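Novice: need coordinates for the below:
(one chain, ligands or ions: 1)
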Amino acid sequence: MQKTLALVAHDHKKADLIGWAKQHKAVLARHKLVATGTTGGLLSDALGLPVHKFKSGPLGGDQQIGALIAEGTLDALFFFWDPLNPAPHDPDVKALLRLCSVWNLPVACNEATADLMITSPLFEDTQHARKLPDYGK
Ligand SMILES: O=C(CO)COP(=O)(O)O
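Specialist: Coordinates of the predicted model:
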């Protein structure tokens with residue numbers, strides 16, 4: 001079953017994400033890819049795959065991806081965020097990561113975790129559905 005996957009990287013992490021995505025292109029190619037603006041442009045160039053581009057992170061792209069999570073239309077997030085440099089939109093970054101926990105969404109924040117997540121037998125197991133929290137609404 002095709003999933004919708006979001007890929008996002010801060011500037012100092014973009015090269016890592018592109019390298020990682022090239023390594024896992026065969027899996028990524030089976031799914032719908034979305035990304036924040038600059039990351040998405042780099043990814044589609046590097047992979048030769050269609051990537052839906054939202055706004056750049058500082059202009060609201062993280063929030064657009066957060067909206068997908070709240071609406072229940074995102075299946076996983078690969079977010080190589082930068083722990084060493086301040087971002088002007090840090091509240092948006094925190095909000096995006098918070099929603100991953102609110103909605104029990106698989107999120108990989110570094111390459112080691114991204115490797116484990118995308119190679120997990122559960123990743124493309126059609127019998128496996130993540131547990132969706134019930135907030136009674
Ligand atoms: O800032 C980002 C995520 O917080 C990423 O945005 P860009 O992909 O547009 O650089």
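
Novice: show me where this protein has strands.
Specialist: Ranges of strands within the chain are 4-9, 32-35, 52-53, 76-80, 107-108, based on DSSP state E.

Novice: can you list these in CSV and add mean pLDDT, distance to Leu96 and mean neighbour count?
Specialist: The C-beta positions use only the backbone N, C-alpha and C, and glycine is treated the same way. As requested, those are exported to CSV (pLDDT from 0 to 100; distance: least, C-beta to C-beta, whole Å; neighbours: other C-beta atoms under 10 Å):
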stretch, mean pLDDT, distance to Leu96, mean neighbour count
strand 4-9, 98, 8, 24
strand 32-35, 99, 13, 22
strand 52-53, 98, 16, 15
strand 76-80, 98, 7, 24
strand 107-108, 98, 9, 20
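
Novice: and of those, who's closest to Lys22?
Specialist: Of all the strands of the chain, it is strand 4-9 that lies closest to Lys22, at 12.0 Å by C-beta to C-beta.

Novice: what packs against the closest one?
Specialist: Applying 3 or more C-beta pairs under 8 Å, 6 or more residues apart in numbering; DSSP states H and E, one finds that strand 4-9 makes contact with helix 14-23, strand 32-35, helix 37-47, helix 61-71, strand 76-80.

Novice: can you say which of these is packed in most?
Specialist: Mean neighbours per residue, mean count of other C-beta atoms under 10 Å, is largest over those for strand 76-80, with a mean of 24.

Novice: give me every residue in this structure lying close to the ligand.
Specialist: Residues of the chain lying close to the ligand by C-beta under 6 Å from any ligand atom are Val8, His10, Thr36, Gly37, Thr38, Thr39, Ser56, Gly57, Pro58, Gly61, Asp62, Val93.
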